[in-house]
Every structure is written in structure tokens, then in C-alpha cells.
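**Student:** what's the 3D shape of this:
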Amino acid sequence: MWGIFLGLALLMFLAYRGMSIIWVAPITALVVALTGGLELIPAYTDTYMTGFVGFAKSWFPVFMLGAIFGKIMDETGAARSVAHFVVELIGKKFAILAVVLAAAVLTYGGISLFVVVFAIYPIALALYREANITRRLIPGAIALGSFTFTMTALPGSPQIQNLIPIQYFGTTAAAAPVMGLVGALIMLGGGMAWLTYREKQYTAKGVVYVELDKKVEEKEGKLPHWGLSLLPLLAVIVSLNIATVMGVENFTATFGRGPIVIIESLVLGVVLAILLFWKRMPNVVNTVNAGAAGSVLAIINTSAAVGFGAVVRAVPGFKTLTDAVLGIEGNPLIAEAVAVNILAGATGSASGGMGIALAALGENFVALSASSGIPLEAFHRIASMSSGGLDTLPHNGAVLTLLAVTSMTHKDSYLDIFMVATLIPIVSVIVGIIMAGFGIL
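**Tutor:** Numbering: from 1, shown residues only. Now for the predicted structure:
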């Protein structure tokens, strides 16, 4: 079992040092295999690659369509149009909240959080410049809006972290709505309280906005109307959740088929965006090509982490580790939260960590649901919310991208990212587990 911990620690260390998980994951998996008594070559070519390919097979269409959707919304200016509308609605006086909510609307609409970072940053820069708020707080605001409640807690979110539990628990994207809404309020409220406190702290010390050496400007050109820009986002959300609103039986009776799945929702969003903004894309094929190409790195990174988890599951020590996690006294949701958090932190990936945890322990959690009487919807929501906790440790790919885009360092801004995207979401998970104990879903 210590080989598992050694492999996890090595994976975290190497990823933190900036090494790609694409080649780090198989090397650390071989460390686990070697200490666990597995043959090295079969451990890589069979066990590791089976896990890798299995995740890619299940989720590549979602990654690809999501990336294409995000690319179209970004290139046509539709994403920035929606963001501008939210900013104008909130007002520049509330610059931090405006950035958070603008990022949240885009993320909840199905746009990849990586795309959101690039779309929101120029707007945040302009707002913070006018409000004279230090640029150090931009990463925290974008992280709060895109890495937290819209990704894991809000019922109906089309983000993959809210979709993975469906295949293990047979639930829907809107599982445990009350728990999700309360968790979202804790993340948003707690995150805003922290960022507001930090703003006052910086201002009192005289740390205010300082211009970048190289000024970042928004893309030129007139943006499409915000109402039109919002339609593709709404199409994804509404189509994905319409069966939940109507009731699955009513939906099936009305339309003669089962609920709409995320692939169909994203296709609808992509087609609608192309039809609405056709004239804004100089070359539609090039835009789609760029979006599809951009999805490859994301799916390979996550699949590499899942492949590592497959090797971990194959060594004898994993049984001991599983027994330790499942043997945690009290509410079985605690065991799920611990398992998902640890693996998300180790891999630096919310979807990768949750994918590993549920692939290994999903059947156990289903059995625990039956024996404890806790609905599978609660297991879904706790798994999703837990994936958004320790995933944002310093080696997380989204964190590294966010800091790079905003020209900040870990020293400048990571404390804020940790508070809003790691610590406060973990608190929300604890509250969710307590709510499930009282039957509040």
C-alpha cells in the first residue's frame, strides 16, 4: 500500500514541477506496479492503457463537442457579449462580483473553464483598472466563477464534473438540487466574503491596480447582441434538464424516447451557435477544427490520470486502502468525499480524480446507498462537489493556466485561489453531508 502513496506523492511532485501528466502518469504508475508486484510492461500496455482508453472512449465526444462549442462562442464574440451584459447588469462598482458572475454564466452554459479564463480576463482587467483593485485578485475571482459552484454544485450543470456520477449512479444532472443550491450559495457567499476582505486588506496597505508592462486589450469589433449570444447557452442547459423538470416518465411518454444526454445537448448548442453567428466566423471549418484540436490535450491529460488509477486498482495494496476508506465510521458519504478529494488532489484533476474513485468504488457506494438508505442522488452530488476541493492544489492544470494568462505567480494569487476553490468548497461538502443525514436533498 505504501507504493500507492509513493506513486501519488511522486505524481503530485512532478506535476507541481511543471512536468506533463501525459508522461508523468505512466512513470508513476510503473512505480506503483513495481512496488505492488506487477509485471511492468503488462502493467503499462494492458492495465494502464485499458484505463486510459476506457475513459477516452466514454468521454471524448463530450470533451470534443464542449471544446468546439467554446471555440465558436469565443471566436464569434458571443461569450464576451454575455460577459459584458452581466458586467453592465451588476455595475462596475461591484467589479469583483461582476467578474465572478460573468465567469459563472459562461461556465454554467457549458463553456469549458479554460475558454472562460481567456474570455473573462480582458474584461476583468478593464474593470479592476477602473475600480483601482489590484490585479492579484483577478485569478481568485475567475476561479470562484468558473472552478467552483457552477462546475460541481449547481443542479443541471453541463460541466463534466457533474456528469461523470450519472453513469455510476443512474442519476440526472439535477441530482440533489437543494443540497447543490446550498453548496453553491456557500461557495459563492464564502468566496465573495474572502475576496472582499482581501480587497480591503490590499487597499489599506496601498496595494492597488498597477498597469501591465504589456497592456492586454479585448478583441476589436462589435459584439453580437447578448440575447442572441445567450441562446446557445440556454439551449444546452434546458435540453439537458428538460426531462428532469417534466419528469422522466412524462418526457418519455411525450417524446417516445429517454432523456436527452449531454452529447445531444452540446450538438444542439454547436449547431445553434453556428446558425446564429455564421457571418462572424471567417471560416467555419477552421473554427471547428481548432476547437476539436483543443479538446485532445484535455482528454489525454485526464485519461492519463485515469490510467494511473487503473494501475493503482490492480495492485494488492488497493484492497487495503479501499477497506480503510470504506471503513470510515459514520455516514458513508464521508468515505466518498475523502476518496474523491484525495484522488482529485493527487492527480490535479477534478474529473480525473472522480473518475478514478468512482470506477474503483462506485459499486461499493451503490451497495452502501442500499444498505444505509441514503439516496444515490446524495452520492452523486457529494462526489461532484468533492471533486472540486483538493483538485485545485498548486499543480492543477487549470490553476497553472489561470496564473499564466493573468500574468500572476503562485505567490501573488494562489492563496485566494486556495480559499475560494479548495477550502470553502470542502466546507460546502461537509454541509452537504450533514444535510443528507437529515434527508434534505
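**Student:** got a list of contacts for stretch 2-22?
**Tutor:** 24-25, 27-29, 31-32, 34-36, 300-301, 304-305, 308, 312, 315, 317-318, 321, 345-349, 393-395, 397, 400 (C-beta atoms under 8 Å, 6 or more residues apart in numbering). All C-beta spots, glycine's among them, are computed from the backbone N, C-alpha and C.
**Student:** Mind doing that once more with 7 Å?
**Tutor:** The set of residues that contact stretch 2-22 without belonging to it, under C-beta atoms under 7 Å, 6 or more residues apart in numbering, is 24-25, 28-29, 31-32, 35-36, 300-301, 304-305, 308, 312, 315, 317-318, 321, 346-348, 394-395.
**Student:** In contact with Val325: list those residues for me.
**Tutor:** Val325 sits next to Ala335, Val338, Ala339 when contact means C-beta under 7 Å, 6+ apart.
**Student:** and the last one, how many neighbours does it have?
**Tutor:** Right, the one you point to is Ala339. For Ala339, the neighbour count with other C-beta atoms under 10 Å is 26.
**Student:** residue contacts, it?
**Tutor:** Counting by C-beta under 7 Å, 6+ apart, Ala339 touches Val325, Ala357, Leu361.
**Student:** One more pass at 10 Å, please.
**Tutor:** The contact partners of Ala339, taken as C-beta atoms under 10 Å, 6 or more residues apart in numbering, are 321-322, 325-326, 328, 353-354, 356-358, 360-361, 364-365, 383, 386.
**Student:** filter those residues to the buried ones?
**Tutor:** With burial judged by 16 or more other C-beta atoms under 10 Å, the buried subset of the contacts of Ala339 is 321-322, 325-326, 353-354, 356-358, 360-361, 364-365, 383, 386.
**Student:** Buried ones only from the contacts of stretch 2-22, please, as a ChimeraX command.
**Tutor:** Restricted to the buried members of these, where burial is judged by 16+ other C-beta under 10 Å, the ChimeraX selection command reads as follows:
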select :24,25,28,29,31,32,35,36,300,301,304,305,308,312,315,317,318,321,346,347,348,395
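**Student:** ok, now how distant is the nearest residue in space to Met281 that is not next to it in sequence from Thr401?
**Tutor:** Closest residue to Met281 in three dimensions, ignoring its sequence neighbours and counting by C-beta to C-beta, 6 or more residues apart in numbering: Thr287, at 5.0 Å. Between Thr287 and Thr401 the distance, using C-beta to C-beta, to the nearest Å, works out to 21 Å.
**Student:** Could you list the low-pLDDT ranges of the protein?
**Tutor:** Counting by pLDDT under 70, the chain contains low-confidence ranges at 213-220.
**Student:** Regarding it, what is its longest helix?
**Tutor:** Within the chain, and with DSSP state H defining each element, the longest helix by residue count is helix 284-314.
**Student:** And that helix, what's buried?
**Tutor:** Taking 16+ other C-beta under 10 Å as the neighbour-count basis, helix 284-314 is seen to contain the buried residues 287-288, 290-291, 294-295, 298-314.
**Student:** Could I get the CA-only coordinates of the helix or strand following it as CSV?
**Tutor:** From helix 284-314 onward toward the C-terminus, using DSSP states H and E, the following helix or strand is helix 317-326. Provided in CSV are the C-alpha atoms of helix 317-326 (Å, rounded to 0.1, in the frame of the first residue of the first chain):
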residue,chain,number,x,y,z
GLY,A,317,-2.5,-2.9,-1.6
PHE,A,318,-5.5,-1.2,-3.1
LYS,A,319,-7.8,-3.6,-1.3
THR,A,320,-6.3,-2.5,2.0
LEU,A,321,-6.7,1.1,1.0
THR,A,322,-10.3,0.5,-0.1
ASP,A,323,-11.1,-1.2,3.2
ALA,A,324,-9.6,1.8,5.1
VAL,A,325,-11.7,4.3,3.1
LEU,A,326,-14.9,2.3,3.3
